[in-house]
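>>> prediction below, plus the sequence it came from.
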Amino acid sequence: MNTKLSAGNTIETRCTRCNGVLNHTIVAMVAEKIVRVECSTCHGVHAYHPVKVPKEPAAAKGTQKKAVPSRTSKADPEAAARAEWQALQTGMDATQAIPYDMNRVYRVKSLLSHPNFGLGIVQLVIQPNKIDVLFQNGKKRLRCG
Ligand SMILES: [Zn+2]
């Protein structure tokens, strides 16, 4: 009852002249549909334009969202290590990898294979008995020698 509208009721709708959503008096209805309304502001009578709820305001116009450039993962050390590893990997021959043995002595750029970390490249030899090895998942400090 209270939700039913009829001629003479006031509703908010868009006025084509005022170009805004304003109070209108319903002038004519067909069944339960409002067909003509009178603008309370300019008193212009016009067809009823249902107020559209703008879900995406101005979506068609100038897109504010700029395509985010592909995330440079320089801040991510793991990704950086992976990229470095990928780059080094191209020159690697897995068959030449020396199985990791902590009693062995390694040199920089030695390729070794570790039972847990996989293939790695010796990046730094820390005397007397440590090496930094770049594995696919990052750098690891290993004992050797
Ligand atoms: Zn108006």
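Happy to help now that I have it.

>>> contacting residues for residue 121?
85, 88, 92, 109-112, 133-134 (Cβ atoms under 8 Å, 6 or more residues apart in numbering). Using the backbone N, CA and C atoms, a C-beta is placed for each residue, glycine as well.

>>> mind listing the strands the one helix or strand it maps to pairs with, and their directions?
Secondary-structure assignment from DSSP states H and E places residue 121 in strand 118-126. Sheet pairing for strand 118-126, assigned by DSSP bridges, gives strand 111-114 (antiparallel), strand 130-135 (antiparallel).

>>> who does residue 21 bridge with?
Where residue 21 sits in a bridge, its partners, by DSSP bridges, are residue 14.

>>> could you chop this structure up by domain?
With domains defined by automatic domain parsing, the chain comprises 10-47, 77-143.

>>> avg pLDDT for the last one?
Translated: domain 77-143. The pLDDT scores in domain 77-143 average 87.

>>> what parts of this structure come near the ion?
15, 17-18, 39, 41-42 (Cβ under 5 Å from the ion).
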